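Peer 1: Here is my input; please provide its structure:
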Amino acid sequence: MARFASVKIRERGKIKAPTLHSILHNSRIGKEATYLLPKEFRRSNYHAAKISNATKTWENWVAVIEDRYRNAHNRKLRSDAVRIEEGLIVLSDEQVRNCDPDQIWQKMQEFARWFEERHNTEVLSLDWHRDEGEIVNGEPTYNEHAHFLFADVDRSGNKVRSNWQRSGEELREMQDKIAELFAPLGFERGIANQQKEYRRPREQRQYRQKQKKEKIVKRAAKLIKSQIDTAHAKIKDLNEENKRLRAALKEAGAKREQYAELESLVRDLRSRIKTRDLTIEELRRTFADKEEGLKSQIESLRTQNEQLLDQNRALAQANEVKTPQIANLEHLDEKAIKRIKDSVETELIAAALKQDSSAGRVINGVVCAANQYEIEAHTGVFDANPISRREDDLDIAAKAFPDKDFHAVSFATHVFIRTARENILDALRATSEMIDRFAEKLKQVRAEIEEDQEQQIEESYDYTQDRNIGGPTPW
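Peer 2: Residues are numbered from 1 along each chain as shown. Below you'll find the predicted structure:
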């Protein structure tokens, strides 16, 4: 498709939304870009409007769009929403050379007017760049394209691109319109997406690599052809010069020895040129051998990638098996920690009571006295001889406080129990903190084990073989 005319809209997620820099680039304001063609090869650019203050122009555009949305929806436009969108009209340089630039510019302006009417919005700027491209063998190859910025909020206050169908109907309609407008100038429509051959990601990478190699081969062939043409031209010039010298020698009455010397010089020059041709042929063979070597390397990389994919699937299955085991381990750890806590609490209480048997009996007696005190408080009846299975302990408790009556003993009992209880609780808290630290350490050890496993998995994966052949598609 050497005579194509197509239109593209910014691809979200891959190309950043337009900013103030877009005006500076499109209008060629400010510092000159480094990727422009040399000045002697640049063609004249076309601009629909002359912008003197890019910052003020951009702010005015944004303010109008935000006011329009607010008036329609009674709320502000989201801060991350796109205010201004960008499109691109791309033309083949081969056909542009055969057309009047003013006619092409007229068709671009007609498309901009159609776009405004079709989508109920405004095309804010239209700029045709004719000063970009590359130099190949001393000759410029032009990248003919035009940028157009448009308001992404239409005149009714609705988002423009958000209302476009997912099927891409609007984009196909644009392609049809641009083809219709440029058909009288000899341009053809680009290939529709649904007509393009679908390729898997791996096939797409191989296709791009093949295109890249073909491009290198074409450039090398063009260079070799240029060298061969130059060599043939030299031979032709040499033959002409030989004829001229022979004629001059004949007029001067030269001897046979002089003719022989001239013939020897011609043979030497022809031999050198022939050697040059052989060198070119050797270059061709070397390039072909290199191409075969690259093919074998690509095949080897493809095999290694498939092996790595198999390894990844195996590792994924292993992880699926390990996950419930880790969950069970965590559950067992929690149960083990609880058992340790319960065991330590029980042992501490038992140790506190067994440390002094008399003190333990005093505590039991105090508890009974406290119970009796509670009965008296509720019934109002004092029982001097309570019937209890802890009467001996009550006696020991009374002996512990010989100068106090029963109420005093009950009061002291509360104080004693509270003090003992606080001491035991302090010990339990200290033990609980120790157990918590033990549990935290256990979790850290488990995390380190999991990290080591992930490191082993990562080290087993050879990232040097996982190459993404081919760069991103330029917009």
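Peer 1: Model confidence for the closest residue to Glu173 other than its chain neighbours, exactly?
Peer 2: Distance criterion C-beta to C-beta, 6 or more residues apart in numbering; nearest residue to Glu173, sequence neighbours excluded, is Arg118 at 7.6 Å. The C-beta positions use only the backbone N, C-alpha and C, and glycine is treated the same way. If you check Arg118, the pLDDT there is 94.
Peer 1: for Lys56, same thing?
Peer 2: For Lys56, pLDDT reads 94.
Peer 1: Can you pull the phi/psi pair for Leu91?
Peer 2: With angles defined as degrees, to the nearest 10, Leu91 sits at phi -130, psi 150.
Peer 1: show me the contacts for it.
Peer 2: Applying C-beta atoms under 8 Å, 6 or more residues apart in numbering to Leu91 gives the contacts 4-5, 104, 144-145, 182, 187.
Peer 1: And Asn53, how far from Lys31?
Peer 2: 17 Å (C-beta to C-beta, to the nearest Å).
Peer 1: Counting neighbours, go ahead and name the busier of these two.
Peer 2: Asn53 (11 against 6; other C-beta atoms under 10 Å).
Peer 1: Phi, psi for the more buried one please.
Peer 2: phi -120, psi 100.
Peer 1: does the nearest residue to Phe41 once chain neighbours are set aside count as helix, strand or coil?
Peer 2: In space, not counting the residues next to it along the chain, Phe41 is nearest to Pro140; the distance is 4.2 Å by C-beta to C-beta, 6+ apart. Counting by DSSP: H, G, I helix; E, B strand; the rest coil, the backbone at Pro140 sits in strand.
Peer 1: quick one on the thing from earlier: mind telling me what element the residue nearest to Glu173 is part of?
Peer 2: Using DSSP states H and E, Arg118 maps to helix 101-119.
Peer 1: Can you list the strands that the helix or strand following that helix pairs with?
Peer 2: Using DSSP H and E, the next helix or strand after helix 101-119 towards the C-terminus is strand 123-129. For strand 123-129, the paired strands and their directions (DSSP bridges) read strand 46-47 (antiparallel), strand 145-151 (antiparallel).
Peer 1: Okay, buried residues for stretch 44-63 please.
Peer 2: 46-48, 51, 54, 57-58, 61 (16 or more other C-beta atoms under 10 Å).
Peer 1: picking up where we left off before, as CSV, the contacts of Leu91 with distance to Ile65 would be great.
Peer 2: Converted to CSV, these look like this (distance: C-beta to C-beta, whole Å):
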residue, distance to Ile65
Phe4, 33
Ala5, 29
Ile104, 30
Glu144, 30
His145, 25
Phe182, 30
Phe187, 33
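Peer 1: when you check those against the helices, which ones overlap?
Peer 2: 104, 182 (DSSP state H).
Peer 1: Walking through the stretch 151-300 of the chain, point out its helices one by one.
Peer 2: With DSSP state H, counting those that start in this stretch as the criterion, the stretch 151-300 of the chain has helices at 169-182, 201-251, 256-354.
Peer 1: I'd like the distance from the closest residue to Leu88 other than its chain neighbours to Arg97, if you could.
Peer 2: Residue nearest to Leu88 in three dimensions, not counting chain neighbours: Lys8, with 4.6 Å by C-beta to C-beta, 6+ apart. Per C-beta to C-beta, Lys8 is found 22 Å from Arg97.
Peer 1: Neighbour count: those two, which is higher?
Peer 2: Lys8 (17 against 9).
Peer 1: so the more buried one sits right up against Gly87, yeah?
Peer 2: Yes. The criterion here is C-beta atoms under 8 Å, and Lys8 meets it with Gly87 at 6.6 Å.
Peer 1: Identify the contacts common to these two.
Peer 2: Counting by C-beta under 8 Å, 6+ apart, nothing touches both Lys8 and Gly87.
Peer 1: Which pLDDT does the model give the nearest residue to Arg28 once chain neighbours are set aside?
Peer 2: Nearest in space to Arg28, with sequence neighbours left out and distances taken as C-beta to C-beta, 6+ apart, is Asn45 at 6.5 Å. Asn45 is assigned a pLDDT of 94 by the prediction.
Peer 1: so of the buried residues of stretch 44-63, which ones are in strands?
Peer 2: The members of the buried residues of stretch 44-63 that map onto strands under DSSP state E are 46-47.
Peer 1: Could you give the number of residues near the closest residue to Trp114 other than its chain neighbours?
Peer 2: Of all residues not flanking Trp114 in the chain, Lys177 sits nearest, at 5.9 Å (C-beta to C-beta, 6+ apart). Neighbourhood size, Lys177 [other C-beta under 10 Å]: 17.
Peer 1: who are the neighbours in contact with Lys177?
Peer 2: Contacts of Lys177 by C-beta under 8 Å, 6+ apart are 7, 111, 114.
Peer 1: Tell me the most packed of these, by neighbour count.
Peer 2: Ranking the contacts of Lys177 using other C-beta under 10 Å puts Phe111 first, with 24 neighbours.
Peer 1: you'd agree that residue is up against Ala179?
Peer 2: No. In this structure Phe111 lies outside contact range of Ala179 using C-beta under 8 Å: 10.6 Å.
Peer 1: returning to what we had before: and the gap between the residue nearest to Trp114 and Phe115?
Peer 2: 8 Å.
Peer 1: Give me the below-cutoff pLDDT ranges for the stretch 51-200 of the chain.
Peer 2: 191-200 (pLDDT under 70).
Peer 1: List the buried residues of stretch 116-130.
Peer 2: In stretch 116-130, counting by 16+ other C-beta under 10 Å, buried: 116, 119, 121-130.
Peer 1: which among those gets closest to Pro38?
Peer 2: Nearest to Pro38 among these: Arg130, at 13.7 Å, using C-beta to C-beta.
Peer 1: Leu37 is in contact with that closest one, correct?
Peer 2: No. Arg130 lies out of contact with Leu37 (C-beta under 8 Å); the separation is 9.2 Å.
Peer 1: Please parse the chain into its domains.
Peer 2: Structural domains assigned to the chain are 4-196, 212-321, 356-465, following automatic domain parsing.
Peer 1: which other residues reach stretch 34-43?
Peer 2: Against stretch 34-43 from outside (C-beta under 8 Å, 6+ apart): 101, 130-135, 140, 142.
Peer 1: Gly138: neighbouring residues, count only.
Peer 2: Gly138: 5 neighbours (other C-beta under 10 Å).
Peer 1: Please tell me how far it sits from Leu36.
Peer 2: 17 Å.
Peer 1: same thing with Ser79?
Peer 2: Ser79 is 35 Å from Leu36, by C-beta to C-beta.
Peer 1: Which one of the two is surrounded by more residues?
Peer 2: Legend: neighbour count by other C-beta under 10 Å for Ser79 and Leu36, higher for Leu36 (14 against 5).
Peer 1: Is that one bridged to anything, and to what?
Peer 2: Glu132.
Peer 1: What values do phi and psi take at Ala48?
Peer 2: Per degrees, to the nearest 10, the backbone of Ala48 is at phi -70, psi -30.
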